[in-house]
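Trainee: kindly generate the corresponding structure for this input.
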Amino acid sequence: QVQLVESGGGLVQTGGSLRLSCAPSGSFFSIGGMGWYRQAPGKQRELVAGIIRDGTTNYADLAKGRFTISRDNAKKTVYLQMNSLKPEDTAVYYCAADLQLNSNSAYRVFWGQGTQVTVSS
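Mentor: Below you'll find the predicted structure:
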């Protein structure tokens, strides 16, 4: 069974940095786009940043200038470097990836279990 495994969340002070990582475990054929979302208490899940196989990225306004998404295709891992963190960045951060389970299947979205990021003031 394929799962996305996230790591790197935690507690940090305002202005600090964290680096999130996410990689799929289990058997699959191919990875397409990958990305990070977040959900704060009482709010809807929102896109933070996405990246496709050729390295093209897109960022939500909340992330521009502070966060950097990257991927290592050989390691099948996506990263989110978060700098200049603010208390309003506090949320559960979810990894998402388009995975093709076999050569005959369509890509579909898989989600990680989420990792808590807490920024103290």
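Trainee: and residue 105, how far from residue 88?
Mentor: If you measure residue 105 against residue 88 using C-beta to C-beta, to the nearest Å, the figure is 39 Å. For every residue, glycine as well, the C-beta is placed using N, CA and C.
Trainee: cool, and residue 103?
Mentor: 43 Å.
Trainee: who has more neighbours, these two?
Mentor: Set residue 103 next to residue 88 and count neighbours by other C-beta atoms under 10 Å: residue 88 wins out with 11 against 7.
Trainee: tell me the contacts of that one?
Mentor: Contacts for residue 88 were tallied using C-beta atoms under 8 Å, 6 or more residues apart in numbering; they are 40, 119.
Trainee: quick one: pLDDT of it?
Mentor: Turning to residue 88, the model gives it a pLDDT of 97.
Trainee: would you list the phi and psi of the residue at the greatest distance from the centre of the chain?
Mentor: Using C-alpha atoms, centre = their mean, the residue of the chain lying farthest from its centre is residue 104. It sits 26.5 Å away. Backbone torsions of residue 104, given as degrees, to the nearest 10, read phi -100, psi 0.
Trainee: kindly report the same for residue 101.
Mentor: Torsion angles, degrees, to the nearest 10, at residue 101: phi -80, psi -30.
Trainee: I'd like the next helix or strand past the helix or strand where residue 70 lies.
Mentor: Assigned by DSSP states H and E, residue 70 belongs to strand 67-72. Using DSSP H and E, the next helix or strand after strand 67-72 towards the C-terminus is strand 77-82.
Trainee: and the angle for the helix or strand that comes right after that next one with strand 67-72?
Mentor: With elements assigned by DSSP H and E, the helix or strand that comes after strand 77-82 is strand 91-100. Angle, strand 91-100 to strand 67-72, by axes from the mean of the first three to the mean of the last three C-alpha atoms, to 10 degrees: 30 degrees.
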